[in-house]
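Peer 1: Fold the following and give me the result.
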Amino acid sequence: MIVPVWIVSVGLGVLGIFLLIQGIKRILKAAGGSVLLKLPLTQKSGQFVVTKAGDYAIWQSGRTLQRVPMKMSAPTIQALLTGEKVTVNPTFSSIRVNNGWEGRIQLFTFRAEAGEYKVELASPYPESTYALEIRERKPGYLLVFGILLVLIAAACLITSLVLLVV
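Peer 2: Residues are numbered from 1 along each chain as shown. Below you'll find the model as predicted:
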């Protein structure tokens, strides 16, 4: 049985659109996350509440194409009730997100139990327009999987168009 080329082309087109939508959803989910604290770099400290135990990330956010602090040392995070310090680790591979006007980069990660915490910067940056954001950390494989889905979707859509033309 021979399947007409146009049926294969339409099928690949529908599959490509579906995979593209799923890939974009995965990428947005990997780069997103609820913001627990947005601390301007002009302030020395701030407090935030962790509602559930898990991994969290510290991002530097601000407008793109502006002057940024050269080297940021790891902030100290301390539980308010116990006074116990949380270990802050630099990220293995930094994730960068921007929309053309504003951007952010993941700098540090830490693991925290539920409770109230205080974050302190080693030194404030008085002239900086940037801020630190503490967000829930998402697994890195979500981003890789989303990019892979977008690439496969692009291949399906291009193949679909080529089959229609030929």
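Peer 1: Can you give the domain ranges for the protein?
Peer 2: Domain segmentation of the chain under automatic domain parsing yields 1-32+140-166, 34-137.
Peer 1: Any chance of the ones you listed in CSV with mean neighbour count and mean pLDDT as columns?
Peer 2: In this view, the C-beta of every residue, glycine as well, is placed from N, C-alpha and C. Formatted as CSV, these follow (neighbours: other Cβ atoms under 10 Å; pLDDT from 0 to 100):
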stretch, mean neighbour count, mean pLDDT
domain 1-32+140-166, 15, 90
domain 34-137, 15, 84
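Peer 1: ok, the one helix or strand E116 maps to: who's next to it in the sheet?
Peer 2: E116 is part of strand 115-120 when elements are defined by DSSP states H and E. Strands adjacent to strand 115-120 in the sheet, as given by DSSP bridges, are strand 45-50 (antiparallel), strand 76-79 (antiparallel).
Peer 1: which stretch among the ones you listed comes nearest E136?
Peer 2: strand 45-50 (9.2 Å; Cβ to Cβ).
Peer 1: roughly how far apart are Y117 and L39?
Peer 2: 12 Å (Cβ to Cβ, to the nearest Å).
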